[in-house]
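Visitor: Okay, predicted coordinates and the sequence, questions at the end:
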Amino acid sequence: MSPRPRPEILTIAPYVGGVSKLPGHSHPLKLSSNEGAFGVPPGVLATLHAVMAEAYRYPDGSSAELRAALGRFFDLDPAQIVCGAGSDDIIYQLCLAYGGAGTELIMTAHGFAIYEIAGIYAGSKVIRVPERNLTTDVDAILAAVTQRTTLVFIANPNNPTGSMIDKTEVERLRQGLPADVLLVLDAAYAEYVDRADYDAGIDLVSRTDNTVMTRTFSKIFGMGGLRLGWCFAPPGVTDVLNRVRGPFNCSVPALAAGVAALAEPGWIERSRAHNTQWRAWTAGEFRRLGLKVWPSEANFLLVDFGTPERAKAADVNLRSQGVIVRGVASYGLPQCLRVTIGTEDECRAVVAAMARFVDQAGG
């Protein structure tokens, strides 16, 4: 007899990342993983070259220098920051620490897949609640709360839909939840939002002892391959995370790169301005082709083809042209494809490729 995991583990569908390679295309256009349009900041590249000689050393397990840099950059108390190998690392630790057998985790119908994977791994029952127009429905979440609820996860903006709820709705959600339920605000795409009614979670975390905000260096800072994320949390939660996280969960290169990224002059502003301009342009061009595009506050667009068959046909056609986008059937959206906003040339190229598909498909 061979070793057996807990039965619920085998119900988890493995996470599948965006495709990176296409047979027959040596340099495909990859717009499937929401990576930053401009790649790695120059200062980060220089730092990586300089720091690799120290890669044989164990990193500072407390991530003190990076936490101090984050504290200065976002005006936060470094003692309330915990760093991890991507925000996924922190999400897993939160689920393991606050979930478990007999508990429930609530997420939205089309929320980020890792919430469900980490929740089931921790032993929690994962409850998916309906969304309203592919947007977090606060009332649906509150209606799903039971005495067993310990965690609520929302991505704001959400992946893969791109939708967000404003700070008034987030506040209403927090006020409506029981005090012993931990609300986790996944703000991986916060830097791309350009709206006055948005709060990534800093204000709410500062005023409560039961809310956590997670962030990442993978998106606007172009560091997905380095695996670096962080959270801002109440002292009680940071104490818990520091007890259970891996002792050296952030590598020497990643920590140094994070500090360098925060020091890159104007990087966020330039990247956000580019994304705002070319997200609007790309969405407009897709709509001119007769395609439905859902509103997005992130660095990607959710394109709705009406039927799973047409979305699949578009995906196959685009790949034949050397363009990789992301199918999102695993998120319950088989009729849609998610398209990352890349450089100007990449945006123009994906629009041209999509136009060829529409022309060949007859509109």
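Guide: Sure thing, it's come through.
Visitor: contacts and neighbour counts: CA atoms only from here.
Guide: OK.
Visitor: doesn't L183 fall inside a strand?
Guide: Yes. Judged by DSSP: H, G, I helix; E, B strand; the rest coil, L183 forms part of a strand.
Visitor: Who's the closest spatial neighbour of G119, skipping the chain neighbours?
Guide: Once flanking residues are discounted, G119 sits nearest to C95: 5.6 Å by C-alpha to C-alpha, 6 or more residues apart in numbering.
Visitor: tell me the secondary structure for that neighbour?
Guide: helix.
Visitor: Where does the closest residue to L185 other than its chain neighbours sit: helix, strand or coil?
Guide: Of all residues not flanking L185 in the chain, M213 sits nearest, at 4.7 Å (C-alpha to C-alpha, 6+ apart). State at M213, reduced to three classes by three-state DSSP: strand.
Visitor: Just confirm M213 contacts P234, I think it does.
Guide: No. Counting by C-alpha atoms under 8 Å, M213 stays clear of P234, with 9.8 Å between them.
Visitor: Please say which of those two ends up with more neighbours.
Guide: In this view M213 and P234 are compared by other C-alpha atoms under 10 Å, and M213 has more residues nearby, 24 against 20.
Visitor: partner residues bridging the more buried one?
Guide: Beta-bridge partners for M213, by DSSP bridges, are L185, F232.
Visitor: mind giving me the domain ranges of this protein?
Guide: 7-30+267-361, 42-262 (automatic domain parsing).
Visitor: hey, which of these is tucked in deepest?
Guide: Counting by mean count of other C-alpha atoms under 10 Å, domain 42-262 has the highest mean neighbour count of the domains of the chain, with a mean of 19.
Visitor: Verify the stated contact: the residue nearest to G119 with I114.
Guide: No. At 10.4 Å, C95 does not count as touching I114 under the criterion of C-alpha under 8 Å.
Visitor: Are there residues contacting both of those two? Which ones?
Guide: Taking C-alpha atoms under 8 Å, 6 or more residues apart in numbering as the contact criterion, no residue touches both C95 and I114.
Visitor: need the strands for the chain, in chain order.
Guide: Counting by DSSP state E, the segments of the chain that form strands are 29-30, 81-84, 104-108, 125-129, 149-155, 182-186, 211-216, 229-232, 292-294, 300-304, 323-324, 326-327, 336-340.
Visitor: what about these, which gets the closest to Y15?
Guide: Closest of these to Y15 is strand 326-327, at 13.1 Å (criterion: C-alpha to C-alpha).
Visitor: contacting residues for the most centrally placed residue in the chain?
Guide: A centroid search over the chain (C-alpha atoms, centre = their mean) returns A188, at 4.4 Å, as the residue closest to the centre. Going by C-alpha under 8 Å, 6+ apart, A188 touches S87, A155, N156, P157, T214, R215, T216, K219.
Visitor: isn't the fifth one right up against L183?
Guide: No. At 10.9 Å, T214 does not count as touching L183 under the criterion of C-alpha under 8 Å.
Visitor: about what we covered before: and which of the contacts of A188 is nearest to L291?
Guide: Nearest to L291 among these: P157, at 22.0 Å, using C-alpha to C-alpha.
Visitor: Now do the longest helix anywhere in the chain: distance to the chain's middle.
Guide: Assignment by DSSP state H gives helix 267-288 as the longest helix of the chain. Between the centre of helix 267-288 and the centre of its chain there are 18 Å (C-alpha atoms, centre = their mean, to the nearest Å).
Visitor: dump the residue contacts of the residue nearest to G119.
Guide: By C-alpha under 8 Å, 6+ apart, C95 lies in contact with A118, G119, A122, L151.
Visitor: now T211
Guide: By C-alpha under 8 Å, 6+ apart, T211 lies in contact with R174, L182, L183, V184, L185, L204, V205, A233, P234.
Visitor: Report the spatially closest residue to it, excluding sequence-adjacent ones.
Guide: The shortest distance from T211 to any non-neighbouring residue, by C-alpha to C-alpha, 6+ apart, is to L183 (4.8 Å).
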